[in-house]
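> Let's see this in three dimensions:
(one chain, ligands or ions: 2)
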Amino acid sequence: MQEKLKQELERYVIGVDLGTSAVKTVLVNRKGQVAYETSQSYPLHQPKAGYSEQQPEDWVRGTLASLKELVEKAGISGTDAVDGISFSGQMHGLVLTDKEGQVLRPAILWNDTRTTAQCRRIEEQLGPALLSIARNRALEGFTLPKLLWVQEHEPDVLARAAHFMLPKDYVRYCLTGELAMEYSDAAGTLLLDIANKQWSEEIAAAFDLPLSLFPPLVESFDQTGTLLPEIAEQSGLSSETKVYAGGADNACGAIGAGILSEGRTLCSIGTSGVVLSYEERKDIDVQGRAHFFNHGEQDAYYIMGVTLAAGYSLTWFKDTFAPEHSFDALLEDVNSIEPGSRGLLFTPYIVGERTPHPDAAIRGSFIGMDAGHKLPHFTRAVLEGITFSLKESIDILRGTGKTVNEVISIGGGARNETWLQMQADIFNADIVKLESEQGPALGAAMLAAYGSGWFESLQACAEAFLREAARYTPNPERVAQYEGLYELYREVYLHTRELSEQLAVYR
Ligand SMILES: Nc1ncnc2c1ncn2[C@@H]1O[C@H](COP(=O)(O)OP(=O)(O)O)[C@@H](O)[C@H]1O
Ligand SMILES: O=C(CO)[C@@H](O)[C@H](O)COP(=O)(O)O
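Ligands and ions are numbered 1, 2, ... in the order given. From the prediction side, this is the model:
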């Protein structure tokens, strides 16, 4: 009996999270425990202001190195201990390949803002069809504006393109030789008919994009091949290892946090910040105020608001003004400061914003600087400003009729207790931290676990894998203080919008 249990536990799935700064891989057993994890970073290129690119080959190299290290660490090389692999990926990035599968230009990423003119063209040409089909506004980060930029600026590249892919789909293609895109990531292209789950011929035709460019659509938990023999050899995995499609990083983050039923809400503070809520109504109309995407669970959706620079604002602040500090040292004193940081407000618009202000030109500010302010006041103001920005997304969710009284918090921002309590006080909701902080990588592993038949549903997998570690409840006095401060915070955008536009020429 003991031996049987041991053998069962020694079956694994692998989750690969293809992030913006690094690829992270996790080996997960049948109890949902992360047995081993590895990570490999790769560079981000900014050849011009507003440009953000990566080399797809770097992702593939990083993924293979990370898998090899994982397999070696776990001592499972040459065995068939892994039942499946799946992927989570940074969304929206454009990869163009020719008919041999060769990459035609560097990938243009989600945080690249060169496409404002193409966004205006999409709005003008599609009018209300954009919101009724693609269910989202035209934002610089999304994939269609990037395709149009290539069409206008590098027509020979587009002419040679056989397919467009999203980041994790390209990596999966290199690992398996099979071309596929799943709904949760396809939703972020502006080319998917979200409710009907098919490529929109109307949108493609409006911009002369041949449908042959578009990969076949699959579900997140569908099998999309097995590892190619040379990949199996390089990674130490078996060539029989099944590969499952995976999902957008936010869909996977949601799966990894158990956001799999109505009323469940997630707050993720990584480089960007995301607030998202499960949605089963495919016809709900959020009027483009937030993103509306297909979930990794079949026929489910989520509504999401994005703060472009959440953790990135804190990282920028630390690197610029306190590079000698670790995050923990920088945040050590903020708890001794009262809400409002003694009259100092920060807006986290340092690379522009998405929700609730789709505005690539806006920039951040500190308002109310006083000679008495010291480093901890500024640090607290940065945390408060990021959290106020995420609260604007919570308000949009509440505006759709959702009750948000409990939020699962993940990402780097969930590592600090003061910040977790601040989220509870600003959102006026319980904040829950889970035992595992793996987020999207764990969500990807869960897709492989469900795809391999370990569980009868993703929900059942979440029940078996996820456990609450801590809960932070709102302090009524602080909730009231933050309500007043939040109203002031919301004014700052209105007063700095034009100034930011005028300052843009000096940037
Ligand atoms: N100890 C910490 N306390 C609070 N925030 C932290 C801490 N360590 C990192 N962070 C924040 O978390 C962010 C990184 O989070 P992570 O979830 O790893 O992001 P990503 O997956 O986007 O790379 C950083 O930008 C930083 O602001
Ligand atoms: O653009 C979006 C969502 O719409 C981003 O959330 C990206 O999907 C990447 O995020 P990180 O996990 O790298 O912060």
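> and this protein, what are its domains?
Here the domain assignment for the chain is 1-91+219-257, 92-165+181-214, 258-438+475-507, based on automatic domain parsing.
> List just the one of those domains that sits closest to ligand 1.
domain 258-438+475-507 (1.8 Å; Cβ to the nearest ligand atom). For glycine as for every other residue, the C-beta is placed from the backbone atoms N, C-alpha and C.
> Pull up the distance across that closest one, start to finish.
End-to-end distance for domain 258-438+475-507, by Cα to Cα, to the nearest Å: 42 Å.
> Around ligand 1, pick out the residues from this structure.
Proximity of the chain to ligand 1 (Cβ under 6 Å from any ligand atom) is limited to residues 19, 21, 270-271, 311-312, 314-315, 327-328, 331, 411-413, 415-416, 419.
> which element is Cys174 on?
Secondary structure from DSSP states H and E places Cys174 in helix 167-176.
> Check the offset of the helix or strand following that helix from the chain's centre.
Next in sequence after helix 167-176, counting helices and strands by DSSP H and E, comes strand 181-182. Its chain's C-alpha centre and that of strand 181-182 lie 16 Å apart, by Cα atoms, centre = their mean, to the nearest Å.
> Repeat that for stretch 120-138.
Chain-centre distance of stretch 120-138: 22 Å, with Cα atoms, centre = their mean.
> and if you look at stretch 153-168?
23 Å.
> Is any residue of it near ligand 2?
No: using Cβ under 6 Å from any ligand atom, stretch 153-168 never reaches ligand 2; the gap is at least 9.1 Å.
> In that stretch, which of the residues would be classed as buried?
Across stretch 153-168, burial judged by 16 or more other Cβ atoms under 10 Å covers 158, 161-168.
> Let's see the distance spanning it from one end to the other.
Using Cα to Cα, one end of stretch 153-168 lies 25 Å from the other.
> Just the residues contacting that stretch, thanks.
Outside stretch 153-168, the residues that touch it by Cβ atoms under 8 Å, 6 or more residues apart in numbering are 16, 18, 54, 56, 59, 87-99, 104-105, 107, 143, 147, 150-151, 173, 179, 181, 185-186, 188-189, 212-215, 246.
> What mean pLDDT does that stretch get?
Per-residue pLDDT values over stretch 153-168 give a mean of 98.
> Which strands or helices does the lengthiest helix in the chain pack on?
Looking across the chain with DSSP state H, the single longest helix is helix 476-503. Secondary-structure packing of helix 476-503 (3 or more Cβ pairs under 8 Å, 6 or more residues apart in numbering; DSSP states H and E): strand 345-347, strand 365-367, helix 375-399, helix 417-427.
> Now do the SS call for Ile303.
Following DSSP: H, G, I helix; E, B strand; the rest coil, the label given to Ile303 is strand.
> burial measure for it, as a count.
Neighbour count for Ile303, taken as other Cβ atoms under 10 Å: 23.
> And for Asp208?
The burial count for Asp208: 9, using other Cβ under 10 Å.
> how about it, secondary structure?
Judged by three-state DSSP, the three-state class of Asp208 is coil.
> list the contacts for the closest residue to Ala470 other than its chain neighbours?
Closest residue to Ala470 apart from its sequence neighbours, by Cβ to Cβ, 6 or more residues apart in numbering: Lys433 at 4.6 Å. Residues counted as contacts of Lys433 (Cβ under 8 Å, 6+ apart) are 408-409, 414, 420, 468-472.
> try 7 Å
Counting by Cβ atoms under 7 Å, 6 or more residues apart in numbering, Lys433 touches 409, 414, 420, 469-470.
> quick revisit: tell me the gap between the helix holding Cys174 and the middle of its chain.
18 Å.
> Just the buried residues of that helix, please?
The neighbour-count check on helix 167-176 (16+ other Cβ under 10 Å) flags 167-176 as buried.
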